[in-house]
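# coords below, sequence missing:
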């Protein structure tokens, strides 16, 4: 479709010579919502300001002046110049390109030779992997896949929450009420119970808070018992997390958590001090950010302890030196926006020119019955349980609808996990999303299983039709044209999703493609013998290739049978 947009823009540029360049025109070209208004449209409101004529008059004059040989039809409708593309030519070009490139259709070299680091997932050690961590994990994974599709090297970083005062609290709780046998049997469940109990008991016995602080101080000072417990909690947690990552099909290039940067923070403090950027505030050391319109960034507390900001500054410098990134993305919730704005502002003051390459990829919350999930209060939905329940429901659906399906367990995993991932990613990341397994698993509507089922249907048609690529010229029927147009938009959609850090554009795209293909399937007998069979199967094949690749970019499997 980009080729056609360029052709339309070049025609308009010749008409409006001297007033608008091609790039300006391209930015204004639209896809009409109503099919009878053509395939591409140019609104003449901006030109009206240049020519001091009505947009409608400009549209009529432009339509008359354009080179009509490039299009099936050119017409003015109100203030718009509408063009109808050559369906046969476009279909052969688009489907031919998909046949040629296969899964590489839509790929580019925009980021060739450059690295993007993606800080994603980052659960807290000794706490459960909840639905709240799902968003960072799947958004980050999709952004990494999109980056790789555009030629970048994506470095996936799991910056584990493995340090901080909460470990002092947990050690204190374990020493008071814990059992090695119980923790070993079910680590995350028991550690969560201890953590929740500590906060509940501390409301009645505030001295527990001080006890937690003392244990964390021991941990910082290298106390052998404190370190041994901390390492045990960390190892047990990682084993549990890895089970979930395996289910999600997510991997990491680095699991260096907060503790890794303990010996790298003094360097940051020294640089800040050498550049006279530190000032005292109520005994603490801060970097003033008045000029950026932000409160001070706290670097060291009055007792000398460092904070998240110090650690993240050390991590940012370390990653730049190690990976030489072109962009560094932090996939972290909306509530941390100030923190990352301060991080960039302090890096700028430190003299690092790459401060502008730091990007906070914010996202909303997962709600349960309209309420935020809270680990501290025990109101947590465990992701592993959600995924297992989703897979079980998918398995029951398969038994009810297709009991003879081969490899049912693998398909149930793909559908169950895919439903959860797709439900998250179909929403714009900054929106809060309501958790509902029932909605996620529907095979109709805007769901992962709906898109997967459409892919499986296409694969079935191709098997039954014994489809083979022959390179014949395609006949584009009227009912096939909407599918062709959506297929043509895939490369542009990938670029938009990557440039806006927005995987929901890919999710919405595959829903659109599935819907248009299903309309085509409902109107045409694809396997009917005759002159249209090869063209219909070719369209089916092209749709299957793009549906599978679109789902892959979301981190969702595409079972060929369901």
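The structure has been received and is ready for your questions. Given the structure is predicted, the values throughout are model-derived calculations rather than measurements.
# the helix or strand of the chain with the lowest mean pLDDT pairs with which strands?
In the chain, no helix or strand scores lower on mean pLDDT, DSSP states H and E than strand 371-372, which sits at a mean of 73. Here strand 371-372 is paired, per DSSP bridges, with strand 366-368 (antiparallel).
# tell me the mean pLDDT over the strand it pairs with?
For strand 366-368, mean pLDDT is 80.
# what's the answer for stretch 428-446, then?
Across stretch 428-446, pLDDT averages out at 85.
# over to stretch 494-510?
In this model, stretch 494-510 has a mean pLDDT of 98.
# and that stretch, how far from the chain's centre?
Counting by C-alpha atoms, centre = their mean, to the nearest Å, stretch 494-510 is centred 8 Å from the centre of its parent chain.
# and that stretch, how far apart are its ends?
End-to-end distance of stretch 494-510 (C-alpha to C-alpha, to the nearest Å): 11 Å.
# contacts for that stretch, please.
For stretch 494-510, the surrounding residues in contact (C-beta atoms under 8 Å, 6 or more residues apart in numbering) are 106, 108, 110, 139, 142-143, 146-147, 149-150, 329, 359, 361, 422, 425-429, 451, 486, 489-490, 493, 546-547, 550-551, 553-554. All C-beta atoms are positioned from the backbone trio N, CA, C, and that covers glycine.
# give the buried subset of those as a PyMOL selection command.
Remark: buried members of the contacts of stretch 494-510, expressed as a PyMOL selection using 16 or more other C-beta atoms under 10 Å:
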select buried, resi 106+139+142+143+146+147+149+150+329+359+361+422+425+426+427+428+429+451+486+489+490+493+546+547+550+551+553+554
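# just the ones in helices from the contacts of stretch 494-510, please.
139, 142-143, 146-147, 149, 422, 425, 451, 486, 490, 493, 546-547, 550-551, 553 (DSSP state H).
# just for the protein, where's the confidence low?
Low-confidence segments of the chain (pLDDT under 70): 305, 373-381.
# where along it do the strands fall?
Ranges of strands in the chain, per DSSP state E, are 40-43, 73-77, 80-84, 115-119, 153-157, 278-281, 284-287, 297-300, 327-331, 358-361, 366-368, 371-372, 433-434.
# now the ones you listed as a markdown table including distance to residue 503?
Output for the strands of the chain, formatted as a markdown table (distance: least, C-beta to C-beta, whole Å):
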| stretch | distance to residue 503 |
| --- | --- |
| strand 40-43 | 26 |
| strand 73-77 | 35 |
| strand 80-84 | 31 |
| strand 115-119 | 12 |
| strand 153-157 | 13 |
| strand 278-281 | 39 |
| strand 284-287 | 34 |
| strand 297-300 | 31 |
| strand 327-331 | 11 |
| strand 358-361 | 10 |
| strand 366-368 | 16 |
| strand 371-372 | 23 |
| strand 433-434 | 13 |
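# nearest to residue 238, out of those strands?
Nearest to residue 238 among these is strand 153-157; the distance by C-beta to C-beta comes to 14.8 Å.
# buried set for stretch 453-463?
Under 16+ other C-beta under 10 Å, the buried positions of stretch 453-463 are 453, 454, 455, 456, 457, 458, 459, 461, 462.
# scratch that, stretch 84-103
In terms of neighbour count (16+ other C-beta under 10 Å), stretch 84-103 has its buried residues at 84, 85, 86, 87, 90, 91, 92, 93, 94, 95, 97, 98.
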